[in-house]
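>>> Structure of the sequence below:
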Amino acid sequence: MKVRAAIGGMIMLSATAFATEKAETLKFAVLRNGDQIGTHTIELRRNGPETLAKQSTFIEVKIAFITAYRFEQSASERWVNNRLVAMDSVTNDNGTQHKLVVASGCESRPGSCQEAR
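Here you go, the predicted model:
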């Protein structure tokens, strides 16, 4: 589906935004056939070697005022020294629920994330 390809492209865009030093919010419109069907927002906060990213996506396709497809996702990521150390994501893909929680080994060993290069 073209919507999923658009989301993937936007997430790749967010990877380049991690290089910025200021806190910032990036907002994207999700389009289908020229019409806006949703939004994708990325909020970045940087503190020294640590970057926190929060993402939210909402897509709704309606046909004759009836919702034919809905996609909602929220995710948070923690990066230290340009390495992903934790991620938490919740998705509702048209009624199918998904949850993802991951953490690197250094998340459980305080101080080791800062030493990772």
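>>> Please report phi then psi for N94.
For N94, the backbone dihedrals are phi 60, psi 40 (criterion: degrees, to the nearest 10).
>>> That one reaches E72, doesn't it?
No: applying C-beta atoms under 8 Å, one finds N94 not in contact with E72, separated by 9.5 Å. In this view, the C-beta of every residue, glycine as well, is placed from N, C-alpha and C.
>>> Out of these two, name the residue with the larger neighbour count.
Neighbours were tallied for N94 and for E72 using other C-beta atoms under 10 Å; the higher tally belongs to E72 (16 against 12).
>>> Hmm, N92 and the more buried one touching each other?
Yes: using C-beta under 8 Å, E72 is in contact with N92, at 4.5 Å.
>>> mind checking which helix or strand L26 is in?
Under the assignment given by DSSP states H and E, the secondary-structure element containing L26 is strand 24-32.
>>> between the helix or strand following that strand and strand 24-32, how many degrees?
Tracing the chain C-terminally past strand 24-32 and defining elements by DSSP H and E, one meets strand 35-47 next. In terms of direction (axes from the mean of the first three to the mean of the last three C-alpha atoms, to 10 degrees), strand 35-47 departs from strand 24-32 by 160 degrees.
>>> buried stuff in strand 35-47?
The neighbour-count criterion (16 or more other C-beta atoms under 10 Å) identifies I37, G38, H40, I42, L44, R46 as the buried residues of strand 35-47.
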